[in-house]
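In: give me the fold of what follows.
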Amino acid sequence: MAITEEFKQELKARTDIADVISSYVQLKKSGRNLVGLCPFHNERSPSFSVSRENGFFYCFGCGAGGDAITFIRKIENLDYVDAVRLLAQRAGMTVPENNVNDGMGKLKGRICEANREAARFYHRQLYSPAGKQALDYLRGRGLTEKTIIHFGLGYSPRDRFELTNHLRSKGFSKDEIIQANLANQSKKGNPFDRFSDRVMFPIIDLRGNVIGFGGRIMSDIKPKYLNTSDTPVFNKSRNLFALQFAKNKAKGQLILVEGYMDVIALHQAGFENAVATLGTSLTQEQAMIIKRYCDEVVICYDADEAGQKATQRAIGILRPTGINIRILTVPSGKDPDEFIKSYGDQGSARFRMLLEKSGNDTEYRLSKLRNSYNTDIPEQRVAFLTKAAALVSELENPVEQDVYISKLSHELDVEKEALKRLVNKNNRRSYRESIKDEQFRAQAQMSGINDRMNRDKQFNLKAANAEEAIISLMMNNPDIAQQISKELPPDKFVTGFNRNVYGVLLKRLSAGDDISISDISGEFSEEEMSSITRMMLSHPRDPDPSLAAKEYTEILIEQSERLTPEQAETADYDTIMEELRKLREKKK
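Out: Just a heads-up that it's a prediction; the model follows:
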């Protein structure tokens, strides 16, 4: 049985969408709405709007939209039922479990239970005779027993059936073990352990669930590190290693490093605000998560070429979030773990000195850029300053721009005004390009070319716009919704997606249920909810909704009776002549 309407209505009454979203996004008043930087894509200027009155949010930059449940689903990577549970907990309510259709929720729960049991199994194996090499490796890296236990480190045996057999003995099915990616399936259909002869690093989410693992091989077999693939509870692009610990120690700052061992070594040395990505480069989703828990991030990647490229890429992803960025470069090409160990008891104090001396990302990027040119040669000095001006133009704060213009002018003996003109030229170019991008997006939206939800729209633009207007009218004016439903059957809708939305509204009306944006979110995906929210914004409240409904209904009836291009290709002579007659009558 689905979650009851009574429960959903009470949850809606107790949930203020602005309060929910302000826990994740800094919102400011703008007219009747609230605005802020979108948490779902990188942007410099706020395009994310929240309507407390209508109970929905929408980003005019990336198109994300929906109600409070949709927001929680998207930002916390939850399914509908789990998002309802989270909001209910926030509102002091409990979802009646017998009212929940939790097929996916049950599977997620079983996967988390299997992962938890696997973590216990791996940890026990670490202290068994088979795990001696792995335990020696961890102790050799300077980890204390307290740290090993704190992070729940373990060992996966060489035998490729030990974990699978153990989990089967605990009541987990073959499918559940494979869905958790704890096992792979042979060509004969038999499960075998995914991880073998590896030091195991449990990956834990913010609610304390073991959602996956990273494993370091104890032999020469490649790859050196192996991670859990994406599962119903784990997405490596949307999680960070050790964030469950670091978020409580952040105090406004997180340290971003490359590997599990770097994180663990830093935590052991007292830097418990360190986190790492999970075998991938930093993603936009991870940048948004980092922004949620701190105002400043210190990037501390390896000093080798790969690490420096990763640093440059991370800066580009983090800067649009508005977070302060600093770069810590460990001397002599060492990683943080090696650096701390090399100084023994002084390792922690030495690393803290590096941390305090770390410069911001602009200084780092200018320094890396300058190293590529010999500024004693006039041509190379011009080339450097041209690229440096482009870099400085990316800074939003005009005072910050002026500081770096003055600094470059002084260091390279160049007239400040000349350099300022070069920066302003880049500013104007960026502005023109952003305007062109906005115009292109607006034109594409109006034409329906980029409408991924409603593929039929670009071929039936007039009908699709009328359909969207009808849907918006019904949701904004429940008092006339019943009348519309009587006069406009679903088969008069030309486009498939809009017909489906209209069908859901009709079904709820016939059952006596409400049809606001929050009432229908359980029927649609996050992307579909974004599309429906866009419809409501594109067709705001009409001063005479009854008249508007009548006009749009007439358009739909007329459009639905026209031949489609596909029908025209196969229509007989009489049908085509009748269509032409209708067109002539309409012109008269």
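
In: can you give me the distance of the residue nearest to K341 when sequence neighbours are not counted to N498?
Out: Leaving aside its sequence neighbours, K341 sits nearest to G142 (C-beta to C-beta, 6 or more residues apart in numbering; 5.3 Å). For the C-beta atoms, the positions are set from N, CA and C on the backbone; glycine is no exception. Using C-beta to C-beta, to the nearest Å, G142 is found at 62 Å from N498.

In: same check, this time on Q482
Out: Using C-beta to C-beta, we find Q482 at a distance of 19 Å from N498.

In: which one of those two has more residues nearby?
Out: Shown here are Q482 and N498; by other C-beta atoms under 10 Å, N498 has more neighbours (28 against 12).

In: what sits against the closest residue to that one other than its chain neighbours?
Out: Distances taken as C-beta to C-beta, 6+ apart place E467 nearest to N498, at 3.9 Å, with adjacent residues excluded. When contacts are counted by C-beta atoms under 8 Å, 6 or more residues apart in numbering, E467 touches F493, V494, T495, N498, R499, Y502, L556.

In: which one (most neighbours) among these?
Out: Among the contacts of E467, N498 has the most neighbours (other C-beta under 10 Å), with 28 neighbours.

In: for the residue positioned nearest the centre of the chain, which non-adjacent residue is spatially closest?
Out: Nearest residue to the geometric centre of the chain (C-alpha atoms, centre = their mean): E285, 3.7 Å. Nearest non-adjacent residue to E285, counting by C-beta to C-beta, 6+ apart: R238, 4.6 Å away.

In: mind checking how far the one you found is from A134?
Out: 29 Å.

In: for N426, same thing?
Out: 53 Å.

In: so which of those two has more stuff around it?
Out: Per other C-beta under 10 Å, whichever of N426 and A134 has more neighbours is A134, with 25 against 16.

In: please verify my assumption that the more buried one contacts V199.
Out: Yes. Between A134 and V199 a contact is recorded at 4.8 Å, counting by C-beta atoms under 8 Å.

In: overlap of the contact sets of those two?
Out: Counting by C-beta under 8 Å, 6+ apart, the contacts common to A134 and V199 are L126, Y155, M218.

In: what's the closest of those to G270?
Out: For the shared contacts of A134 and V199, the closest approach to G270 (C-beta to C-beta) belongs to L126, at 24.4 Å.

In: surely that closest one meets Y155?
Out: Yes. Assessed by C-beta under 8 Å, L126 is found in contact with Y155 at 4.2 Å.

In: rewinding a little: most neighbours, which of the shared contacts of A134 and V199?
Out: With neighbours defined as other C-beta under 10 Å, the most crowded of the shared contacts of A134 and V199 is Y155; it has 28 neighbours.

In: check the gap between G259 and V403 for me.
Out: G259 sits at a distance of 35 Å from V403 (criterion: C-beta to C-beta).

In: which residues touch stretch 140-158?
Out: Stretch 140-158 has contacts (C-beta under 8 Å, 6+ apart) with 119, 121-126, 128, 130-131, 134-135, 138, 163, 193, 195-202, 204, 210, 215, 242, 261, 264-265, 267-268, 337, 341.

In: same question for that stretch, mean pLDDT?
Out: The average pLDDT within stretch 140-158 is 96.

In: just the CA trace of that stretch, in PDB.
Out: The C-alpha coordinates for stretch 140-158 follow below in PDB (Å, rounded to 0.1, in the frame of the first residue of the first chain):
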ATOM      1  CA  GLY A 140      53.900  -0.500   8.700                       C
ATOM      2  CA  ARG A 141      52.200   2.600   7.500                       C
ATOM      3  CA  GLY A 142      52.200   3.900  11.000                       C
ATOM      4  CA  LEU A 143      48.500   3.300  11.900                       C
ATOM      5  CA  THR A 144      47.600   2.600  15.500                       C
ATOM      6  CA  GLU A 145      45.100   0.000  16.600                       C
ATOM      7  CA  LYS A 146      42.800   2.800  17.600                       C
ATOM      8  CA  THR A 147      42.800   4.200  14.100                       C
ATOM      9  CA  ILE A 148      42.400   0.800  12.500                       C
ATOM     10  CA  ILE A 149      39.300   0.100  14.700                       C
ATOM     11  CA  HIS A 150      38.000   3.700  14.300                       C
ATOM     12  CA  PHE A 151      37.900   3.400  10.500                       C
ATOM     13  CA  GLY A 152      36.800  -0.300  10.600                       C
ATOM     14  CA  LEU A 153      39.700  -1.400   8.300                       C
ATOM     15  CA  GLY A 154      39.700  -5.000   7.200                       C
ATOM     16  CA  TYR A 155      41.000  -7.700   4.900                       C
ATOM     17  CA  SER A 156      39.300  -9.700   2.100                       C
ATOM     18  CA  PRO A 157      40.600 -13.300   1.900                       C
ATOM     19  CA  ARG A 158      42.200 -14.700  -1.300                       C
END
